[in-house]
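Novice: Show me how the following folds:
(2 chains)
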2 protein chains.
Amino acid sequence: MTRTYHARIYITLRPSVLDPAGTAVQSGLQHLGYDNVEQVRIGKYVELMLRADDEATAQSQLDRICDQLLANPVIENYRFELTEVEAVV
Amino acid sequence: MTRTYHARIYITLRPSVLDPAGTAVQSGLQHLGYDNVEQVRIGKYVELMLRADDEATAQSQLDRICDQLLANPVIENYRFELTEVEAVV
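Specialist: Predicted structure coming up:
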């Protein structure tokens, strides 16, 4: 039986990679008076639905999807959470 | 005493808003042979450190930061998680 999974994927820059967008946001926050905010890092958050026979299959497929298309493994890390959802009857 | 909090902020397009980037990724995945993937939505994931007197203060400040700078409330939703971190001695 095919199951349906909801995936939440978090893609972040590796700690050694500079994040100019994060620096810009931090600078913007300081101009707005938020000088208690530091270490702003901006990543991507992807949600998708995936059909697979079981969770192990879904996980290995998501690993490939992240490596091939969603993340750039040279500069980014990713992690994901899978939740099985009830099939819509 | 000032406490330090690690914030993880998830910013997503409202469900009624079209997501062309998500559609493009889904189309790319289908060209790669992943025709079991649907409903791809792309959002932002922001991490930051924030100093505040207590968690309630940190939460209300993060709400303002999200509304003013990080998210566009007209088309985006946000949620965040706060974790207190040990002060570095």
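
Novice: buried set for stretch A:60-67?
Specialist: Buried residues in stretch A:60-67, counted by 16 or more other C-beta atoms under 10 Å in any protein chain shown: A:61-62, A:65-66. No exception for glycine: its C-beta is placed from N, CA and C like everyone else's.

Novice: Counting neighbours, what do you get for A:Ala7?
Specialist: Neighbour count for A:Ala7, taken as other C-beta atoms under 10 Å in any protein chain shown: 21.

Novice: For A:Leu18, see how far away the residue most central in space within chain A is.
Specialist: By C-alpha atoms, centre = their mean, chain A has its centre lying nearest to A:Tyr10, at 1.6 Å. Remark: distance between A:Tyr10 and A:Leu18 (C-beta to C-beta, to the nearest Å) = 19 Å.

Novice: What of A:Glu76?
Specialist: According to C-beta to C-beta, A:Glu76 stands 13 Å off from A:Leu18.

Novice: Pick out whichever of these two has more residues nearby.
Specialist: Looking at A:Glu76 and A:Leu18 with other C-beta under 10 Å, you find the greater number of neighbours at A:Glu76, namely 16 against 9.

Novice: Identify the residues contacting that one.
Specialist: By C-beta atoms under 8 Å, 6 or more residues apart in numbering or on different chains, the residues touching A:Glu76 are A:11-14, A:17, A:43.

Novice: Assign a three-state SS to A:Gln30, would you?
Specialist: helix (DSSP: H, G, I helix; E, B strand; the rest coil).

Novice: How about it: what's its closest non-neighbour residue?
Specialist: Closest residue to A:Gln30 apart from its sequence neighbours, by C-beta to C-beta, 6 or more residues apart in numbering or on different chains: A:Val37 at 7.5 Å.
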